[in-house]
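Undergrad: model the following, please.
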Amino acid sequence: MSGTNRQIRLAARPAGDVKPQDWEHVTEPAEAPGEGRFAGRTRFISLDPAMRGWLDDRPSYLPPVGLGEVMRAGSVIEVTESNHPGYRPGDHVVGTFGVQEYVVSDGKGALKVDPSLAPLSTYLGALGMPGMTAYFGLLDVGALKEGETVVVSGAAGAVGTMVGQIAKVKGCRVIGIAGGADKCALLTEELGFDAAIDYRAEDVRKALRTHAPDGIDVYFDNVGGDILDAALTRLAMHARVVICGAISQYNNETAVQGPSNYLTLLVRRARMEGFVVFDYAPRFAEAARELAGWIATGRIKVKEHVVKGALDEFPETLQMLFRGENIGKLVLELT
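TA: Numbering: from 1, shown residues only. Below is the predicted model:
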């Protein structure tokens, strides 16, 4: 391969919000694929709240991104050159290839995808990690049962939109918590949620009493902080609280705010459990088949927020997550 490769690398550990100076924009010669490897150009890059945690030098489910390393990200690439028997030019491949324009890979952890079956961006969203997260978090960790009441925070995000719709497919009552009237209208009018709570304009505890008078059976938390505390006050007996993320806390410069109402777990004989979707990797194909079926029949609607631009727009696009500007899965399409 000839030409250059543009990359976004981590220049400094962020303190609080991620700032432009925390990134290094690098151009280097594009690498040619050796024997057993293939090369490709990046078409779509996934932007996820978990990225903020990967920037901190602290123990987690994945090692932190190292200083000077290409930023970790899931992406879809189009193969342009191959010395690998399993890949040929024109193939589309999803994997954790990082924030860069060109990729060379040996195929480990990569998966070929078919753009005739679904848009390429959907393999980073509803049929990618957010879809897997919603599926296993709700059905396995949350142990969902038909007829239960489900509340999901961050409900208009990539995971939240899928959680609510899967719960509806399973015959449950679903309440979403989101920021802004437009997002709440989307949840109820387009995605079939039974109710939506605008945390920016409503008293969340009061609204939960109204919309979940008999309590919450499964609370799927993407937000943490005050919203988690409010939900804990409304748990039904033997409720399950699924800890997926805590986007309200990721940019804290002080200690993470923990739940002060945790004793409700004792009173209601409930449980609160965190999970990491990668633990379910052996079952991803199972989930993808079922999710694809629900999408094909219209029982689940895919919501994506695709930003078209250059690689250098990655840092600003990432901030959209923390400003609450995206609806559904946020993806950067390189044009």
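
Undergrad: hey, where'd the strands end up in the stretch 1-150 of the chain?
TA: 4-10, 23-29, 38-47, 75-82, 92-95, 102-105, 111-113, 149-153 (DSSP state E, counting those that start in this stretch).

Undergrad: same question for the stretch 201-335 of the chain.
TA: Using DSSP E, counting those that start in this stretch, the strands of the stretch 201-335 of the chain run over residues 216-221, 235-243, 271-274, 304-309, 329-334.

Undergrad: could you identify which of the strands of the stretch 1-150 of the chain is most buried?
TA: For the strands of the stretch 1-150 of the chain, average neighbour numbers computed from mean count of other C-beta atoms under 10 Å are highest in strand 149-153, which has a mean of 30. Using the backbone N, CA and C atoms, a C-beta is placed for each residue, glycine as well.

Undergrad: next structured bit after that one?
TA: Reading on from strand 149-153 to the C-terminus, the next helix or strand found by DSSP states H and E is helix 158-169.

Undergrad: show me what contacts the residue nearest to the spatial centre of the chain?
TA: Nearest to the mean C-alpha position of the chain, counting by C-alpha atoms, centre = their mean, stands Pro130 at 4.2 Å. Pro130 makes contact with Asp48, Leu124, Ala158, Val159, Met162, Lys329 under the criterion C-beta atoms under 8 Å, 6 or more residues apart in numbering.

Undergrad: residues near the residue nearest to it when sequence neighbours are not counted, how many?
TA: Nearest-residue entry for Pro130: Ala158, 3.8 Å, with adjacent residues in sequence omitted and distances by C-beta to C-beta, 6 or more residues apart in numbering. Other residues near Ala158 number 31, with proximity taken as other C-beta atoms under 10 Å.

Undergrad: related to what we said a few turns ago, now, of the contacts of Pro130, which are buried?
TA: Of all the contacts of Pro130 considered here, the ones buried according to neighbour count by 16 or more other C-beta atoms under 10 Å are Asp48, Leu124, Ala158, Val159, Met162, Lys329.

Undergrad: of the contacts of Pro130, closest to Phe314?
TA: Asp48 (12.3 Å; C-beta to C-beta).

Undergrad: quick check: that closest one touching Gly154?
TA: No - using C-beta atoms under 8 Å, Asp48 and Gly154 do not qualify as a contacting pair, with a distance of 11.9 Å.

Undergrad: give the contact list for Arg58.
TA: Pro64.

Undergrad: roughly how far apart are it and Pro64?
TA: 7 Å (C-beta to C-beta, to the nearest Å).

Undergrad: how's the chain carved up into domains?
TA: Under automatic domain parsing, the residue ranges defining each domain of the chain are 4-125+302-334, 129-278.

Undergrad: chain center to the first one: distance?
TA: When distances are taken as C-alpha atoms, centre = their mean, to the nearest Å, domain 4-125+302-334 is centred 14 Å away from the chain's centroid.

Undergrad: what of the shortest one?
TA: Relative to the centre of its chain, domain 129-278 is centred 15 Å away, using C-alpha atoms, centre = their mean.

Undergrad: now do the same end-to-end measure for it.
TA: One end of domain 129-278 to the other measures 9 Å (C-alpha to C-alpha, to the nearest Å).

Undergrad: counting neighbours, what do you get for Phe314?
TA: Around Phe314 sit 21 other residues, with neighbours defined as other C-beta under 10 Å.

Undergrad: how about the contacts made by it?
TA: By C-beta under 8 Å, 6+ apart, the contact set of Phe314 is Ile8, Trp23, Ile45, Leu47, Met71, Val99, Leu332.

Undergrad: and of these, the nearest to Arg209?
TA: The shortest distance between Arg209 and any of these, using C-beta to C-beta, involves Leu47 and amounts to 34.9 Å.

Undergrad: do you know how far the closest residue to the closest one other than its chain neighbours is from Pro49?
TA: Counting by C-beta to C-beta, 6+ apart, the nearest residue to Leu47 once its immediate chain neighbours are dropped is Leu330, at 4.4 Å. Per C-beta to C-beta, Leu330 is found 9 Å from Pro49.

Undergrad: who has more neighbours out of these two?
TA: A count of neighbours by other C-beta under 10 Å puts Leu330 above the other of Leu330 and Pro49, at 25 against 21.

Undergrad: and the more buried one, how far from Phe322?
TA: 11 Å.

Undergrad: then Leu266?
TA: 33 Å.

Undergrad: so which of the two has more stuff around it?
TA: Ranked by neighbour count (other C-beta under 10 Å), Leu266 and Phe322 place Phe322 first, with 15 against 8.

Undergrad: in contact with that one, which residues are there?
TA: Phe322 makes contact with Asp17, Pro49, Arg52, Ile247, Tyr250, Asn251 under the criterion C-beta under 8 Å, 6+ apart.
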